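Chemist: This is the structure alone, sequence omitted:
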């Protein structure tokens, strides 16, 4: 996103969750469904309802989302460190990026820019190890900077 547009055209991204993160969907859906289920149970047993229904579920869902972001940020930093800590065909990385895979919080898609080429690979942030399968894909050299 570009939060400072039109004053600055610089893009900012966090890249810690996949665009459709299953864990976040489960947490948010649980925050919506849990109050409905508890209200049905309360109606069955005749309990009186006090205050706003779902406040606790909303807080738990929000805390789960924040916790998920924290864990994903930690794993993202481990993946970035793994990418920066090695040489790629005897070239040092100029820039590295790690993007999450769908459904696996410990697997990342790494992109490395060197002076001569781009390289892509998988990164395991549990180990942390860049290219654990030795499946490095080298792409053509970088274009001149604009």
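Modeler: Yep, that arrived. Small disclaimer: the values here were computed from a predicted structure and weren't measured. Residues are numbered from 1 along each chain as shown.
Chemist: Let me know the next secondary structure element after the helix or strand where residue 119 lies.
Modeler: In this structure, residue 119 sits in strand 118-124 according to DSSP states H and E. For strand 118-124, the following helix or strand on the C-terminal side (DSSP H and E) is strand 129-130.
Chemist: and that following strand, what does it pack onto?
Modeler: helix 55-84, strand 118-124 (3 or more CB pairs under 8 Å, 6 or more residues apart in numbering; DSSP states H and E). Backbone N, C-alpha and C define where each C-beta goes, glycine included.
Chemist: Strand partners (parallel or antiparallel) of the last one?
Modeler: When pairing is defined by DSSP bridges, strand 118-124 lines up against strand 107-113 (antiparallel), strand 129-130 (antiparallel), strand 137-139 (antiparallel).
Chemist: Ok, which of the ones you listed comes nearest residue 81?
Modeler: strand 129-130 (9.3 Å; CB to CB).
Chemist: Pretty sure residue 122 is one of the things residue 110 touches, is it not?
Modeler: Yes - Residue 110 is within contact range of residue 122, at 6.9 Å (criterion: CB atoms under 8 Å).
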